[in-house]
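S.K.: Predicted structure and sequence below. I'll ask about it afterward.
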Protein chains: 2
Amino acid sequence: MMELTRKGEYAIRGIVYLAGKPMDKVYLLSDIAAAVDVPPTFLAKIFQQFSKMGLVKSFRGTGGGFMLGRAPENITLLEVVEAVEGPIIPNRCVVNPLNCERSGDCNVHPVWARVQGEVRGVLEGVTLKELASERQKV
Amino acid sequence: MMELTRKGEYAIRGIVYLAGKPMDKVYLLSDIAAAVDVPPTFLAKIFQQFSKMGLVKSFRGTGGGFMLGRAPENITLLEVVEAVEGPIIPNRCVVNPLNCERSGDCNVHPVWARVQGEVRGVLEGVTLKELASERQKV
DNA sequence: CCTAAAAAGACTTTATATGTCTTTTAGGGG
DNA sequence: CCCCTAAAAGACATATAAAGTCTTTTTAGG
């Protein structure tokens, strides 16, 4: 349960790779895909989503490619995950209490809201800079 | 992302309903299913899993049905969810670091471990008794 | 205008979720 | 012992989502 999809996994690998590179250069999608071992066509879709969210900048044509949209220390893991997986929602009823049948007496609702908060909190506290750094205390 | 499946939702509804009833009686699956508005055949599967985990006791034949396996205050939401959804695993690599390619320098790993811990912590802190109670502070 | 590379969208395949149906097993009562 | 009730077990069916591919279009450089 609560498992990150492969898409999410790939997304993290790809953007962390970028975050570990000099920021003012452009990198070919095909090179990134090869480096992090992800199907290039699939990674293309993922980076398109990143691009829409401003997490990366894209350049077409000759000499084109991708670069990080912001400094790695200003991009959180939460943003990366939500960019490709959508918002973190443990339960429908967290979004819209009306989906909660008998929402009036549903004691489970606040629990899911708490779960959501905790998860977002953890992911929000981690930046790409930390993830891309050589090695750090575990 | 991280969404509870309908199975999990149904499971909670079903067992919380049981938890709200006098404990020393037996309840027909068909009645429970009707009360919580879940397809009876599906709820049957769910309760079979509960039964294997000892969360409920089942009785066959005439006068048979289900009752809670333990007192509601001794069953946590975590147990219920994991009984039907399996363990809470934000990422494969949390289970087995060997699945982590380049696990040596993977800084994401500990983050997922932390997420897992937080989620389990929240769910473990909630009992069926609380969930079944008439009304409580939100 | 030719080539490189991303963008966009249709399409395919595979896996998982969501259920249903049928048969078997266990228990109670006449 | 037979019959009825109800859960257990497992095969089966369908729907949805994940995972991945392919083709065409757009943009930029030389």
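M.R.: Nice, thanks for sending it over. None of the values given here were measured: they were computed from a predicted structure.

S.K.: Could you give me the buried positions within the helix or strand hosting A:Trp112?
M.R.: Taking DSSP states H and E as the definition, A:Trp112 sits inside helix A:109-124. For helix A:109-124, burial by neighbour count (16 or more other Cβ atoms under 10 Å in any protein chain shown) applies to A:His109, A:Val111, A:Trp112, A:Ala113, A:Arg114, A:Val115, A:Gln116, A:Glu118, A:Val119, A:Arg120, A:Val122, A:Leu123. For glycine as for every other residue, the C-beta is placed from the backbone atoms N, C-alpha and C.

S.K.: when you scan the very next helix or strand once past it, is anything in it near chain B?
M.R.: Downstream of helix A:109-124, the first helix or strand assigned by DSSP H and E is helix A:128-132. Yes. Using Cβ under 8 Å from any Cβ of the partner chain, helix A:128-132 reaches chain B at A:Glu130, A:Leu131, A:Ala132.

S.K.: quick one: contacts for the most centrally placed residue in chain A?
M.R.: Nearest to the mean C-alpha position of chain A, by Cα atoms, centre = their mean, lies A:Val80 at 1.8 Å. By Cβ atoms under 8 Å, 6 or more residues apart in numbering or on different chains, A:Val80 lies in contact with A:Ala11, A:Ile12, A:Ile15, A:Phe50, A:Leu55, A:Leu128.

S.K.: quick one: it and A:Arg114, what's the gap?
M.R.: Applying Cβ to Cβ, to the nearest Å, the value for A:Val80 to A:Arg114 is 23 Å.

S.K.: so which of the buried residues of helix A:109-124 also contact chain B?
M.R.: Filtering the buried residues of helix A:109-124 for proximity to chain B by Cβ under 8 Å from any Cβ leaves A:Val111, A:Trp112, A:Arg114, A:Val115, A:Glu118, A:Val119, A:Val122, A:Leu123.

S.K.: Tell me the one of those nearest B:Gly20?
M.R.: Minimum distance to B:Gly20 across those is 16.3 Å, recorded for A:Val111 (Cβ to Cβ).

S.K.: And for A:Ser58, the neighbour number?
M.R.: Residues near A:Ser58, counting by other Cβ atoms under 10 Å in any protein chain shown, number 16.

S.K.: and the residue nearest to A:Gly20 when sequence neighbours are not counted, what does it touch?
M.R.: Leaving aside its sequence neighbours, A:Gly20 sits nearest to A:Ala132 (Cβ to Cβ, 6 or more residues apart in numbering or on different chains; 3.8 Å). Each residue near A:Ala132 by Cβ under 8 Å, 6+ apart is listed here: A:Val16, A:Tyr17, A:Ala19, A:Gly20, A:Pro72, B:Asn107.

S.K.: Low-confidence stretches in chain A?
M.R.: A:93-105, A:135-138 (pLDDT under 70).

S.K.: Enumerate the residues of it near DNA strand D.
M.R.: A:5-7, A:10, A:39, A:41-42, A:44-45, A:59-64 (Cβ under 7 Å from any atom of the strand).

S.K.: which pair in these spans the largest distance?
M.R.: Among these, A:Thr5 and A:Thr62 lie farthest apart (Cβ to Cβ), at 33.8 Å.

S.K.: out of the two, which sits in the busier spot?
M.R.: The residue with more neighbours, out of A:Thr5 and A:Thr62, is A:Thr5; 11 against 5, by other Cβ under 10 Å.

S.K.: Neighbours of the residue lying closest to the more buried one once chain neighbours are set aside, how many?
M.R.: Distance criterion Cβ to Cβ, 6+ apart; nearest residue to A:Thr5, sequence neighbours excluded, is A:Glu85 at 6.5 Å. Neighbourhood size, A:Glu85 [other Cβ under 10 Å]: 18.

S.K.: wait, what's in contact with A:Glu85?
M.R.: For A:Glu85, counting by Cβ under 8 Å, 6+ apart, the contacting residues are A:Leu4, A:Thr5, A:Lys7, A:Gly8, A:Ala11, B:Met1.
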